[in-house]
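*Asks:* need coordinates for the below:
(one chain, ligands or ions: 2)
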Amino acid sequence: MRTVFSYLLPYKVAAGVAFILMLLELAVELLQPLLLAKIIDDGIMQEDLATVLTWGAVMVGLSLLAFGAGVLNSFYAGHAGQSTGFDLRNAMFRKIQRSSLGNLQPFATSSLMTRLTNDVTQIQNTIFMGLRIMARAPLLVVGGSIMALVVNWRLALFLLITVPLLVFFLLWVLKKGVHIFGKVQQNVDEVNHVVRENLTGLRLIRVFVRERFEIGRFVDKSGTLMKNTRSAFRLMELTMPVLLFLMNASILAVLWFGSISVQEGGAEIGEVVAIVNYATRITSALGVFAMIIMVFSRARASALRIEEVLLGTDDELVGSQGLPAEKTISGDLAFADVSFSYEEKTAPVLEHISFQAKRGETIAVIGETGAGKSSLFQLIPKLYTPTSGVIRMDGVNIQDTNVQTLRKQIGYVPQAVRLFSGTIRENIAWGVPEASDAAVEEAARTAQIHGMIEALPEGYATLVGQQGVNLSGGQKQRISIARALLRNPKVLLLDDSTSALDTKTEGRFLSALETYSCTTLIVTQKLSTALRADSILLLEHGKMVGMGSHEELLATSPLYKKLYESQYGKEA
Ligand code: DUT
Ligand code: MG
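*Replies:* Numbers count the residues shown, from 1 in each chain. Ligands and ions are numbered 1, 2, ... in the order given. Sure thing, here's the model as predicted:
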């Protein structure tokens with residue numbers, strides 16, 4: 001809670017002003033019954049019209065003042081709430097951007113989305129409500145009770161028996177509410193998760209005829225959300241009747257004993273009216289209190305979820321801040337006994353990997369699916385940190401290099417290609433926005449996609465994605481390759497990036513690539529591609545089972561021999 005609400009600090013002036021305005025409103029509200037009593041006792045009962053008019057005018061004046069204060073209070077409270085929410089959202093987004101992938105592993109994407117939107121909204125609302133009414137309700141209860149005592153303590157005692165009872169009751173509701181609303185928030189997460197999975201997997205779901213199952217899954221999650229929200233609201237609904245019943249009972253008692261007192265001369269009629277008036281105001285304040293409980297319970301659950309993200313310890317950039325930011329690497333890459341697992345205590349996906357790739361060399365990485373090829377690649381731009389062993393770039397442990405400097409010199413084409421909304425040009429120049437048209441075209445040419453782009457009516461200005469053309473998997477792959485090449489990388493990582501290219505196009509691409517002097521690691525299923533590399537690294541179940549030229553592997557590795565024979569036939 002504390003971390004989240006510390007984001008309110010920069011807006012303490014606005015919050016302070018809102019709070020003072022709220023106190024002003026409260027003061028007027030507490031004075032009203034007193035004035036009412038005065039008008040009745042000194043004016044109406046004495047048949048003194050002047051007094052009625054004077055105090056009536058004062059009441060109207062004060063009401064106008066309270067109204068003005070209320071409007072201004074909304075303004076400042078809104079400013080404080082919205083600004084805090086804005087800052088919180090940005091802080092979380094920044095944290096997510098800079099956090100290492102290992103650190104984000106425990107969060108589902110949908111859960112991060114709920115935290116960035118829903119949870120922040122909860123906090124915004126709470127701050128607004130807090131400054132608008134939250135403090136007013138308890139103060140009104142306390143202030144109202146005191147004022148009632150001042151007016152006529154004997155009559156006020158009837159009220160004062162009920163108020164503590166109600167406060168205890170509401171505290172009990174609060175305790176239950178926090179628990180239930182925590183659950184509700186988690187349910188919202190789960191519903192979002194199902195929705196997200198479904199929206200991204202629409203085609204798959206259709207083809208596998210899983211609609212019914214998925215609808216069932218959604219209804220199930222959505223039903224739990226409804227059930228828990230309903231019990232939360234039931235709890236809240238329970239409070240109002242209990243509240244009204246007890247307060248009405250005490251108002252009856254005030255009226256009963258009030259009328260006796262008035263007859264015996266122990267109280268004035270105006271005093272009775274004033275106390276009843278305080279009683280109704282206290283009741284409505286307690287009612288507001290019930291609503292506040294609801295908002296607060298939600299805010300608490302939300303704040304905890306936001307803090308889970310904000311208080312994540314690591315920050316990729318901080319770790320390498322002291323290191324030289326601009327240093328060109330030449331591309332000598334070496335793995336020394338590197339092992340890696342995604343999460344602690346899980347089986348390693350890479351074990352004791354050692355190899356070297358000299359600058360300008362091309363290494364083909366082959367291995368069955370799940371062998372650890374993509375994992376190996378992700379260690380090089382420091383997306384993950386090895387569990388043990390050292391990766392060196394130009395002889396320097398990459399853990400000791402500036403992470404952004406390193407990444408700027410690596411061209412990475414991930415296995416799952418991702419384009420962003422925008423034009424084709426923007427997508428290719430995504431890593432180098434200032435690139436010239438000539439450079440963009442050059443990269444596209446090497447990636448064997450220039451011709452296809454030129455053929456489009458709008459060429460490089462064609463929009464991709466929902467508003468534009470839909471590209472084939474192979475086309476996206478090549479745009480993604482062009483994007484990596486445009487950066488003129490010193491190390492190029494191609495993770496199965498040529499899988500959708502036919503042999504001829506692929507051959508042309510690999511030849512064009514030779515003009516780039518970068519160390520290239522290429523994951524491929526095709527031995528024809530591997531044969532063009534300087535050496536081949538063979539992975540099996542996370543272990544290196546061979547490294548060398550085609551001839552060397554053929555002579556030493558039975559697995560390689562088998563692979564070769566399966567693709568080229570035994571007689572080869
Ligand atoms: N793995 C995880 N978490 C991840 C990614 C992978 O635990 O975020 C596991 C799954 C697998 C192993 O790591 O058992 C290696 O996966 P990788 O993706 O590195 O395998 P690959 O060689 O790239 O397989 P493919 O050819 O299917 O791309
Ligand atoms: Mg892979």
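*Asks:* OK, contacts around the single nearest residue of the stretch 51-200 of the chain relative to ligand 1?
*Replies:* The minimum distance from the stretch 51-200 of the chain to ligand 1, using Cβ to the nearest ligand atom, falls at Gln105 (7.6 Å). Yep, even glycine has a C-beta here, placed from its N, CA and C like the rest. The contact partners of Gln105, taken as Cβ atoms under 8 Å, 6 or more residues apart in numbering, are 342-343.
*Asks:* and it, how far is that from Val142?
*Replies:* Going from Gln105 to Val142 by Cβ to Cβ, to the nearest Å gives 49 Å.
*Asks:* now Gly370, what's its secondary structure?
*Replies:* Under the three-state scheme (DSSP: H, G, I helix; E, B strand; the rest coil), the conformation of Gly370 reads as coil.
*Asks:* give me the neighbour count for the nearest residue to it once chain neighbours are set aside.
*Replies:* If the residues on either side of it in the chain are set aside, Gly370 comes closest to His541, at 7.9 Å by Cβ to Cβ, 6 or more residues apart in numbering. Neighbourhood size, His541 [other Cβ atoms under 10 Å]: 15.
*Asks:* surely His541 meets Ala371?
*Replies:* Yes. The criterion here is Cβ atoms under 8 Å, and His541 meets it with Ala371 at 6.4 Å.
*Asks:* how about the closest residue to ligand 2 within the stretch 351-500 of the chain, what does it touch?
*Replies:* With Cβ to the ion as the measure, Ser374 is the residue of the stretch 351-500 of the chain nearest to ligand 2, at 3.1 Å. Applying Cβ under 8 Å, 6+ apart, one finds that Ser374 lies in contact with 414-415, 495, 523.
*Asks:* likewise Asp41?
*Replies:* Shown in contact with Asp41 (Cβ under 8 Å, 6+ apart): 268-271.
*Asks:* could you pull out the helices for the stretch 151-300 of the chain?
*Replies:* In the stretch 151-300 of the chain, helices defined by DSSP state H, counting those that start in this stretch lie at 153-200, 202-207, 211-264, 269-310, listed in chain order.
*Asks:* ok so, going back, tell me, which of the contacts of Asp41 make contact with ligand 1?
*Replies:* Taking Cβ under 6 Å from any ligand atom as the test, ligand 1 is in contact with none of these.
*Asks:* now, which of those sits nearest ligand 2?
*Replies:* Sorting those by how near they are to ligand 2, with Cβ to the ion, puts Glu271 at the top with 82.6 Å.
*Asks:* before we move on, the earlier item: what kind of secondary structure is the residue of the stretch 351-500 of the chain closest to ligand 2 in?
*Replies:* Classification of Ser374 using three-state DSSP returns helix.
*Asks:* can you spell out which helices and strands pack onto the helix or strand hosting Val365?
*Replies:* According to DSSP states H and E, Val365 maps onto strand 362-367. In terms of contacts (3 or more Cβ pairs under 8 Å, 6 or more residues apart in numbering; DSSP states H and E), strand 362-367 is packed against helix 373-379, strand 519-523, helix 527-530, strand 535-540.
*Asks:* hmm, 10 Å instead?
*Replies:* Where contact means 3 or more Cβ pairs under 10 Å, 6 or more residues apart in numbering; DSSP states H and E, strand 362-367 is packed against strand 350-357, helix 373-379, strand 491-495, strand 519-523, helix 527-530, strand 535-540, strand 543-548, helix 558-568.
*Asks:* list the neighbouring strands of that strand plus their orientation.
*Replies:* Sheet pairing for strand 362-367, assigned by DSSP bridges, gives strand 519-523 (parallel), strand 535-540 (parallel).
*Asks:* do it and ligand 2 meet at all?
*Replies:* No. Contact of strand 362-367 with ligand 2 is not found when judged by Cβ under 5 Å from the ion; the minimum separation is 9.2 Å.
*Asks:* average model confidence for that strand?
*Replies:* Averaged over strand 362-367, pLDDT sits at 94.
*Asks:* any idea how far that strand is from the middle of the chain?
*Replies:* Here strand 362-367 shows a centroid-to-chain-centroid distance of 38 Å under the convention Cα atoms, centre = their mean, to the nearest Å.
*Asks:* then it to PDB, C-alphas only?
*Replies:* This file holds the C-alpha atoms of strand 362-367, laid out as PDB (Å, rounded to 0.1, in the frame of the first residue of the first chain):
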ATOM      1  CA  THR A 362      28.800 -18.700 -39.900                       C
ATOM      2  CA  ILE A 363      27.700 -21.400 -37.500                       C
ATOM      3  CA  ALA A 364      24.700 -23.600 -38.200                       C
ATOM      4  CA  VAL A 365      22.900 -24.800 -35.100                       C
ATOM      5  CA  ILE A 366      20.900 -27.900 -35.600                       C
ATOM      6  CA  GLY A 367      19.000 -30.200 -33.300                       C
END
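*Asks:* so that strand versus strand 543-548, what angle?
*Replies:* Between the direction of strand 362-367 and that of strand 543-548, the angle (axes from the mean of the first three to the mean of the last three Cα atoms, to 10 degrees) works out to 140 degrees.
*Asks:* could you give the angle of strand 362-367 to strand 491-495?
*Replies:* With the same axes, to 10 degrees as the basis, strand 362-367 and strand 491-495 are set at 30 degrees to each other.
*Asks:* buried stuff in strand 362-367?
*Replies:* By 16 or more other Cβ atoms under 10 Å, the buried positions in strand 362-367 come out as 362-367.
*Asks:* what's the answer for stretch 169-181, then?
*Replies:* By neighbour count, with 16+ other Cβ under 10 Å as the criterion, the buried positions of stretch 169-181 are 169-170, 173-174, 177-178, 180-181.
*Asks:* between those, which is nearest ligand 2?
*Replies:* Closest to ligand 2, out of all of these and judged by Cβ to the ion, is Phe181, at 41.7 Å.
*Asks:* rewinding a little: quick one: which of the buried residues of stretch 169-181 is nearest Phe257?
*Replies:* When these are compared for distance to Phe257, the smallest value, 24.0 Å, is given by Phe169; criterion: Cβ to Cβ.
*Asks:* residue contacts, that closest one?
*Replies:* Contact criterion Cβ atoms under 10 Å, 6 or more residues apart in numbering gives 238-239, 242-243, 246, 286, 290 as the residues in contact with Phe169.
*Asks:* could you list the low-pLDDT ranges of the stretch 401-550 of the chain?
*Replies:* Residue ranges of the stretch 401-550 of the chain with pLDDT under 70: 466-469.
*Asks:* should've said the chain
*Replies:* 313-326, 466-469, 570-572.
*Asks:* how's it carved up into domains?
*Replies:* In the assignment given by automatic domain parsing, the structural domains of the chain cover 2-312, 360-386+404-568.
*Asks:* ok, now which ones touch the residue in the stretch 401-550 of the chain that ligand 1 sits nearest to?
*Replies:* Residue nearest to ligand 1 within the stretch 401-550 of the chain: Gln415 (5.5 Å; Cβ to the nearest ligand atom). Remark: with contacts taken as Cβ under 10 Å, 6+ apart, Gln415 is in contact with 373-374, 377, 477, 494-497, 499, 523.
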